[in-house]
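Trainee: 3D model of this:
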Amino acid sequence: MVMWVFGYGSLIWKAGFNYDQCLVGFIKDYRRVFYQGSTDHRGTPEYPGRTVTLEPAEGEVCWGVAYKVSKKEDEEVALTYLEVREKQYDKKDYLDFFTEPSATTPTVSGVMVYIASPDKKLNRNYLGPAALEDIAKQIIHAQGPSGPNRDYLFHLEKALVQMGCKDKHVMDLANEVRRILSQGERTAS
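Mentor: Model prediction:
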């Protein structure tokens, strides 16, 4: 049996498991948002970072990559790895994945995707929406075992641009982080 995994955050640039094929494409009726708290990778329990999750959004698309894992042993290793890596994401869903914007038939059906739900009983790390400047400031100051939260944001922005994707939320947030950082540099000099 073949397993497909959809990456829309750090999985885009750092899969961390063996795969046979990688396709650039999108899922429908979702959008990527920096609403999930990260206390284990890009922040700490005392000062959580922010990472992306998916939010239902009718008519929108979320670009990312789908990884095909064919070998049974690779699938087992990938699942074990992902269950640890994505442990703060409380929901796993299986969605249709498309590679062509005009397509009505999915390229792959049943792509596995990890989602952090807004249900605080199931997901204690959900931070939810906030003003762009507030999210940017949190990202600037947060740092965890995987490095500064801003690196996560900038890597995601770069990976999306390389795919030809212009994600407004990610671009606006990255620009706000750069604006605040440059303002701090001007104030310090």
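Trainee: Return the set of buried residues in the lengthiest strand in the chain.
Mentor: Among the segments of the chain that qualify as a strand by DSSP state E, the longest is strand 49-69. Of the residues in strand 49-69, 49-55, 61-67, 69 count as buried by neighbour count, 16 or more other Cβ atoms under 10 Å. From N, CA and C alone the C-beta is placed, and that goes for glycine too.
Trainee: And the helix or strand of the chain with the lowest mean pLDDT, what does it pack against?
Mentor: Sorted by mean pLDDT, DSSP states H and E, the helices and strands of the chain end with helix 168-188, the least confident at a mean of 89. On a contact count with 3 or more Cβ pairs under 8 Å, 6 or more residues apart in numbering; DSSP states H and E, helix 168-188 meets strand 21-38, helix 132-141, helix 149-163.
Trainee: out of those, nearest to residue 120?
Mentor: strand 21-38 (10.8 Å; Cβ to Cβ).
Trainee: List the buried residues for the closest one?
Mentor: Taking 16+ other Cβ under 10 Å as the criterion, strand 21-38 shows 23, 25-28, 30-38 as buried.
Trainee: Give me the nearest residue to residue 125, chain neighbours excluded.
Mentor: Leaving aside its chain neighbours, residue 125 sits nearest to residue 37 (3.8 Å; criterion: Cβ to Cβ, 6 or more residues apart in numbering).
Trainee: so how far is residue 67 from that neighbour?
Mentor: Noted for residue 37: a distance of 25 Å to residue 67, by Cβ to Cβ, to the nearest Å.
Trainee: I'd guessed the residue nearest to residue 125 sits against residue 49; true?
Mentor: Yes. Between residue 37 and residue 49 there is a contact under Cβ atoms under 8 Å: 7.2 Å.
Trainee: Which neighbours do the two have in common?
Mentor: Common neighbours of residue 37 and residue 49 are listed as residue 43 (criterion: Cβ atoms under 8 Å, 6 or more residues apart in numbering).
Trainee: where does this protein dip in pLDDT?
Mentor: Applying pLDDT under 70 to the chain flags the ranges 185-189.
Trainee: for the buried residues of strand 21-38, which one is nearest residue 173?
Mentor: For the buried residues of strand 21-38, the nearest to residue 173 is residue 34 (6.1 Å; Cβ to Cβ).
Trainee: which one is residue 87 nearest to, not counting chain neighbours?
Mentor: Residue 87 sits nearest to residue 40 (Cβ to Cβ, 6+ apart), 7.3 Å away.
Trainee: Quick check: the one you found is in a strand.
Mentor: No. Residue 40: not assigned to a strand; according to DSSP: H, G, I helix; E, B strand; the rest coil it is coil.
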